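K.L.:
kindly return the folded structure for what I paste below:
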Amino acid sequence: MTVDEELNVLETQLRRLKIEYEIFFSNPQKKPPSDIEWKVLTLLRKFSDGGRMSFTQRFRYNEIAQRYAVYSDLWRKKARIREEGYRRPQDALLSVQGVRLEEHEAKHKTYGLSHPSATGGNAGAPFTVHCTEPRAEGEQVEKLFVALTEAKKKTGEQVSGSLSSFKSFVEKKTSEIRKQHGCPKVEYSIEVQDGKVKLRARAKQ
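P.N.:
As a prediction, this is how the structure comes out:
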């Protein structure tokens, strides 16, 4: 089984686990889905070092691991409330409500894999990479492509074009700017202005 196929299995198992936990919390007689959770954790640990994966696969894995971390935190809270009873009004609310992933993202970085962001990890700061020879810097260009795609998804913009076409664009653009300005490298940054994602290229010495 390939890495992509195993990530598909992991994603499917996590969806199933979420459904089973929803059934568990709505049915007092139901046992927690420990067997499915064990399968999910086994796959998460298998890929935790990221050694066998490409950057795109690591990015996908990190998103799945992030989702599990958020869900797991919520399930623990719900299980505690179920065992101890509703001591506060907000406990009763938590026992039936869902959770928004973005509220927890900053707290949960699972299994040590970094999550590239269009904000570069700091609020308001653009995501940037530097390119000298894009053809030899495939991972840098992949990071830029994934961050650009992620930023567009967050702003609701249409995501178009493939990684290969984006690599060709960056190679051409880098070559043009280096010749025009006589600079050794080009800085690419992804910024969000007025709700629109902008990819900027600047000459760097």
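K.L.:
phi and psi next, for the spatially most central residue of the chain.
P.N.:
With distances taken as CA atoms, centre = their mean, residue 63 lies nearest the centre of the chain, 3.5 Å away. For residue 63, the backbone dihedrals are phi -60, psi -40 (criterion: degrees, to the nearest 10).
K.L.:
show me where pLDDT drops low in the chain?
P.N.:
For the chain, the stretches flagged by pLDDT under 70 are 28-29, 50, 82, 84-126.
K.L.:
hey, where'd the helices end up in the protein?
P.N.:
3-26, 34-46, 55-84, 89-94, 138-155, 163-181 (DSSP state H).
K.L.:
what residues does the fifth one touch?
P.N.:
Same thing as helix 138-155. Contact partners of helix 138-155, identified using CB atoms under 8 Å, 6 or more residues apart in numbering, comprise 54-56, 59, 116-118, 127, 129-131, 134, 158-159, 163, 166-167, 170, 188, 190, 192, 195-197, 199. Yep, even glycine has a C-beta here, placed from its N, CA and C like the rest.
K.L.:
quick one: it to helix 55-84, angle?
P.N.:
If you take axes from the mean of the first three to the mean of the last three CA atoms, to 10 degrees, helix 138-155 sits at 50 degrees to helix 55-84.
K.L.:
now do helix 138-155 against helix 163-181, angle only.
P.N.:
Using the same axes, to 10 degrees: helix 138-155 against helix 163-181 is 110 degrees.
K.L.:
buried stuff in helix 138-155?
P.N.:
For helix 138-155, a neighbour-count test (16 or more other CB atoms under 10 Å) marks 140-152 as buried.
K.L.:
then it to PDB, C-alphas only?
P.N.:
The C-alpha trace of helix 138-155 is given here as PDB (Å, rounded to 0.1, in the frame of the first residue of the first chain):
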ATOM      1  CA  GLY A 138      11.600  21.700  -5.200                       C
ATOM      2  CA  GLU A 139      10.700  21.600  -1.500                       C
ATOM      3  CA  GLN A 140      10.800  25.400  -1.200                       C
ATOM      4  CA  VAL A 141       8.500  25.800  -4.200                       C
ATOM      5  CA  GLU A 142       6.200  23.100  -2.800                       C
ATOM      6  CA  LYS A 143       5.900  24.900   0.500                       C
ATOM      7  CA  LEU A 144       5.000  28.100  -1.400                       C
ATOM      8  CA  PHE A 145       2.400  26.300  -3.500                       C
ATOM      9  CA  VAL A 146       0.800  24.600  -0.500                       C
ATOM     10  CA  ALA A 147       0.800  27.900   1.500                       C
ATOM     11  CA  LEU A 148      -0.800  29.700  -1.500                       C
ATOM     12  CA  THR A 149      -3.400  27.000  -1.900                       C
ATOM     13  CA  GLU A 150      -4.200  27.100   1.900                       C
ATOM     14  CA  ALA A 151      -4.500  30.900   1.900                       C
ATOM     15  CA  LYS A 152      -6.900  30.800  -1.100                       C
ATOM     16  CA  LYS A 153      -9.100  28.200   0.600                       C
ATOM     17  CA  LYS A 154      -9.300  30.300   3.800                       C
ATOM     18  CA  THR A 155     -10.400  33.400   1.800                       C
END
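K.L.:
since that was my last question, I'll sign off now.
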